[in-house]
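Visitor: here's my sequence, what's the structure:
(one chain, ligands or ions: 2)
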Amino acid sequence: MNLTVTDVRLTPILVADPPLLNTQGVHQPYTPRLIVEVETADGITGVGETYGDTKYLELARPFARKLVGREVTDLNGLFAVADEVAVDRSRVSGQVDVGGLRGVQTADKLRLSVVSGFEVACLDALGKALGLPVHALLGGKVRDAVEYSAYLFYKWAAHPDGVRAEKDDWAAAVDPAGVVEQARRFKETYGFTSFKLKGGVFPPDEEIAAVRALAEAFPGHPLRLDPNGAWSVETSLRVARELGDVLEYLEDPTLGTAGMAEVAARTGVPLATNMCVTTFAEIKEAFTRDAVQVVLSDHHYWGGLRNTRQLAAICSTFGVGVSMHSNTHLGISLAAMTHVASTVPDLHHACDSHYPWQSEDVLTERLTFEAGRVAVPDGPGLGVELDRTRLAELHRRWLDDDGSHRDRDDAAAMRIAEPGWVTPEVPRW
Ligand SMILES: O=C([O-])[C@@H](O)[C@@H](O)[C@H](O)[C@@H](O)C(=O)[O-]
Ligand SMILES: [Mg+2]
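Guide: Ligands and ions are numbered 1, 2, ... in the order given. This next block holds a predicted model:
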């Protein structure tokens, strides 16, 4: 068996995205993703997926060149390869990155987001070569299906008039009735039993009313609200008081570890994050101050599936829960998330996934949710197959784009509807 990497293909694509609202603006009609293919000397191809904005592409290209000639088994070596890739200083900021809402942006985090695409592709190739599923390479699954929650968004009926976009068949949701209707469809179509509402869009009282309406419509179902750090400590505490009896957790009510620690100290409602703990360096302070009770991992920016397991082990040591964050992603990443989630013993919360919002994919067969769960694939590798025609079409869209969609920018999309819109200062309320 020759497991040497002989070729690496990087295919940036643009994927249709509905007009989903968050505290920074609204999703653009197309969002970038990067599809990674790693080919071995034996002609086996492994696939991976990660963020596709320019800042990731400019790291992935030199990384890909360095990978040729290495073994797909050399997963630890990927981090050393990443360290050799220079990150442009202008890409690094201590601020929440535009549109992504995923916490600090360090050079290492950017590199890890690229490593993860290659790691998943190498694991897929290795699994295919050995005839083993990725979960077996990670030590074996401890469950046969992984539970996901319905990811509810405030949403416009359509992208603004005159903007080129694919049609989506979801109704508008800008008030409690719309949110409940959306939740009902999620439950009926996919069987989800827990619901997360992306908040920070409307004044807190309106979002409290929406969560109350969900609690009434779906009694006993776990509910979460995530304003992406849009609230002050006092507002967070007020929301916690008003919704404490129905919330499974509040997600990033306020920005930063210090604020989260203050909220956590003054409420019994658990706090989850994908913003103040997004790197290993941030764990110590957050855990010592008891700022978060659940960390939402994301294998993309934590550096892959094996790093996700390390994070889960640290969380478990400190009695902190772990679950999974999601940003716009396709089936390759959903498969990857499902494999790693199936190997984590202490996974006590349903994972997030944007996947139902993505009507387009690059797989020959979409992954499906049954009773809110994705069955853990048992075929070799990730257990998914790339649809090359579809990949080429979505790549063509990326090639034809004038550059306005190649870097996600939710504020720019909002400006089309509301000229003069700028990313709101936080705390917004
Ligand atoms: O896609 C969005 O609008 C989300 O707000 C995303 O940017 C966040 O990263 C994420 O889903 C979250 O849970 O914070
Ligand atoms: Mg979040």
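Visitor: spell out, range by range, the helices that occur in the stretch 51-200 of the chain.
Guide: All helices of the stretch 51-200 of the chain, identified by DSSP state H, counting those that start in this stretch, fall at 54-67, 77-83, 107-130, 134-137, 176-190.
Visitor: and the second one, C-alpha only, in CSV?
Guide: Extracted C-alpha coordinates of helix 77-83, given in CSV (Å, rounded to 0.1, in the frame of the first residue of the first chain):
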residue,chain,number,x,y,z
GLY,A,77,3.1,16.5,10.8
LEU,A,78,0.3,18.6,9.4
PHE,A,79,0.7,21.1,12.2
ALA,A,80,4.4,21.4,11.5
VAL,A,81,3.6,22.0,7.8
ALA,A,82,1.1,24.7,8.8
ASP,A,83,3.7,26.5,10.9
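Visitor: what residues sit buried inside that helix?
Guide: Residues 78-79, 81-82 are the ones in helix 77-83 that count as buried (16 or more other CB atoms under 10 Å). From N, CA and C alone the C-beta is placed, and that goes for glycine too.
Visitor: do the same with the first one
Guide: Within helix 54-67, the residues that count as buried by 16+ other CB under 10 Å are 55-60, 63-64, 66-67.
Visitor: next: the longest one.
Guide: Judged by neighbour count (16+ other CB under 10 Å), helix 107-130 contains these buried residues: 107-129.
Visitor: closest to L197 out of the buried residues of helix 54-67?
Guide: If you rank the buried residues of helix 54-67 by distance to L197 using CB to CB, Y56 comes first, at 28.3 Å.
Visitor: any idea how far ligand 2 is from that closest one?
Guide: 20 Å (CB to the ion, to the nearest Å).
Visitor: let me see the contact set for that residue.
Guide: Contacts were defined as CB atoms under 8 Å, 6 or more residues apart in numbering; by that measure Y56 touches 34, 50, 110, 113-114.
Visitor: next one: it from E39, what distance?
Guide: When distances are taken as CB to CB, to the nearest Å, Y56 and E39 turn out to be 21 Å apart.
Visitor: and R224, helix, strand or coil?
Guide: What DSSP: H, G, I helix; E, B strand; the rest coil gives for R224 is strand.
Visitor: partners of the nearest residue to it once chain neighbours are set aside in the sheet?
Guide: Excluding the flanking residues, the one nearest R224 by CB to CB, 6 or more residues apart in numbering is K196, at 4.1 Å. Counting by DSSP bridges, K196 forms beta bridges with Y151, R224.
Visitor: touching, K196 and D226? I think so.
Guide: Yes. Taking CB atoms under 8 Å as the definition, K196 is a contact partner of D226 at 6.2 Å.
Visitor: more neighbours, those two?
Guide: In this comparison of K196 against D226, neighbours counted by other CB atoms under 10 Å, the higher total goes to D226 at 28 against 25.
Visitor: what pLDDT is listed against the more buried one?
Guide: Taken from the predicted model, the pLDDT recorded for D226 is 98.
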